[in-house]
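Peer 1: Generate coordinates for the sequence data below:
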Amino acid sequence: MKLIFATILAIVLSPHAVAQDTTTVIHAGWLLAVPGEAPTENQSIVIIGERIDRIEGGFIEIEGAETIDLSDQYVLPGLIDSHVHLLAELNPNRRLQNVTFSSADWAIDGVRNARTTLMAGFTSVQDVGGNLEAIVALRDGQRDGDIVGPRMRVSGPAVTPTGGHGDINGYNEDIMHAFSSQAACNGPADCIRVVRELVRARVDLIKITATGGVLSQTAAGTEQQFFDDELAAIMEAAGMMGRYVTAHAHGVTGVNSAIENGIHSIEHGTYLDDDSIRLFRDNDVYLVPTLLAGATVAEIATNADWMTPEVRQKSLDVGPLMLEMARRAHSGGVMIAFGTDSGVSRHGDNALEFALLVEAGMSSMEAIRSATVVASEHVQMSENIGTIEPGKLADIIAVSGNPLDDVTQLESVGFVMQSGEVFSD
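Peer 2: I've put the predicted structure just below:
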């Protein structure tokens, strides 16, 4: 009797316990299991619970298992976007929202954007900047099965110098004092404090703004904004608490100083030079080029009267340079991880980045690999995601046309499975 009661209690307290034992078989007409390796045809993917059990040639049947027929589809791993902002999306009211939205408002918008992102085939993301309370709640809600969205790693607000990109700018002094970023810091000791407070708040990584930014409401340029001793202090504090650090960086001074002080990855990298490329290679640093963000702001700035003069000018200056930057980085052997800066661009349009990467010189296979194998390593989750292999989480998508022939096929994902559960079919 005690054993029966214990079994029933375990099932009640663990609503996913029964589902974890279910078996699903996907019949894949064309399978790109490990991007970078040749695809195969007519394969069966056997999934038990949330993980891939095995892959067998031919279309097999298993008694009692659910069979999903993708025999006329192109099947590949769930996509990973290494740079998103799920809580918001650029719009004419954004400046007002910064001082009127509560954490709850940001979180509600985040729920909608998270669902849109998952349905576009992005089963995992790294969110690198936004309201701390809202993004941690959103991540935990997805993990616990309370909301539909991609698996998330989150940084919370970016560590920034006071008045820098990531702090509040462009309002009157009373507003800016009231809404100053909780991650703004000055001097090594203060920056150490901020890093530790973010870790206490349970962020997965630390993001810093090593340079000025395009969308900050200030004419402070796009070059280095942290002193080297501040950068070193941030890196040491984060490392001691088990967090890696990524840096928003446009200007070459900020790119190079961040790498020289031990940064793990660079977001954007617009003005990198030959020395930067050498530093990237020598230090195994990832570049997340966010080409879609550059294209988006350059287009919007041509007729957006709601942009301030400072933001419009930076958008017109920086945006068009990013494609050539990615071309030089790729030809120079820099490791490129897929990231869009969605939230600047529209959520759900993430896959538009693929065509831009190809335009920058990557093959379709290299672009897909950047959003699967390479991105999974970049976001420190390669043991669970990035490929379709035994033991990995069953994050699987499918499209109707061959993405190696036409990478824009990934803009129309028809089938989405995350952790063995089908969300779009």
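
Peer 1: for the stretch 151-300 of the chain, which spans come out with low pLDDT?
Peer 2: 167-172, 176-179, 215-217, 219-221 (pLDDT under 70).

Peer 1: the helices in it, which residues?
Peer 2: Here the stretch 151-300 of the chain has its helices, by DSSP state H, counting those that start in this stretch, at 173-179, 188-200, 228-240, 252-260, 274-282, 291-300.

Peer 1: centroid residue for the protein?
Peer 2: residue 82 (2.6 Å; CA atoms, centre = their mean).

Peer 1: mind listing what's buried in whichever helix in the chain runs longest?
Peer 2: Ranked by residue count, the top helix of the chain under DSSP state H comes out as helix 103-119. For helix 103-119, a neighbour-count test (16 or more other CB atoms under 10 Å) marks 106-107, 109-111, 113-119 as buried. No exception for glycine: its C-beta is placed from N, CA and C like everyone else's.

Peer 1: could those residues be laid out in CSV, adding distance to residue 49 and pLDDT?
Peer 2: Formatted as CSV, the buried residues of helix 103-119 follow (distance: CB to CB, whole Å; pLDDT from 0 to 100):
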residue, distance to residue 49, pLDDT
106, 33, 93
107, 29, 96
109, 32, 97
110, 28, 97
111, 26, 98
113, 28, 98
114, 23, 98
115, 23, 98
116, 27, 98
117, 24, 98
118, 19, 98
119, 23, 98
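
Peer 1: sorry, back to before: the helix or strand following the longest helix of the chain relative to helix 103-119, how many degrees between them?
Peer 2: The helix or strand immediately downstream of helix 103-119 is strand 122-127, counting by DSSP states H and E. On the basis of axes from the mean of the first three to the mean of the last three CA atoms, to 10 degrees, strand 122-127 is oriented at 140 degrees to helix 103-119.

Peer 1: Mind checking the pLDDT average for the helix or strand just after strand 122-127?
Peer 2: Downstream of strand 122-127, the first helix or strand assigned by DSSP H and E is helix 132-143. Averaged across helix 132-143, the pLDDT comes to 98.

Peer 1: In CSV, list the C-alpha atoms belonging to helix 132-143.
Peer 2: Once non-C-alpha atoms are left out, helix 132-143 reads as follows in CSV (Å, rounded to 0.1, in the frame of the first residue of the first chain):
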residue,chain,number,x,y,z
LEU,A,132,15.7,41.9,-14.6
GLU,A,133,12.6,40.8,-12.7
ALA,A,134,10.6,40.2,-15.9
ILE,A,135,13.1,38.2,-17.9
VAL,A,136,14.0,35.9,-15.0
ALA,A,137,10.3,35.2,-14.5
LEU,A,138,9.9,34.6,-18.2
ARG,A,139,12.8,32.2,-18.3
ASP,A,140,11.5,30.3,-15.3
GLY,A,141,8.0,30.2,-16.6
GLN,A,142,9.1,28.6,-19.8
ARG,A,143,11.3,26.1,-18.0
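
Peer 1: could you say what helices and strands that helix packs with?
Peer 2: helix 103-119, strand 151-154 (3 or more CB pairs under 8 Å, 6 or more residues apart in numbering; DSSP states H and E).

Peer 1: can you redo the ones you listed as TSV with distance to residue 22?
Peer 2: TSV is the format used below for these (distance: least, CB to CB, whole Å):
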stretch	distance to residue 22
helix 103-119	21
strand 151-154	20
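
Peer 1: Any idea which of the ones you listed gets closest to residue 183?
Peer 2: Of all the helices and strands packed on helix 132-143, strand 151-154 sits nearest to residue 183, with 12.9 Å by CB to CB.
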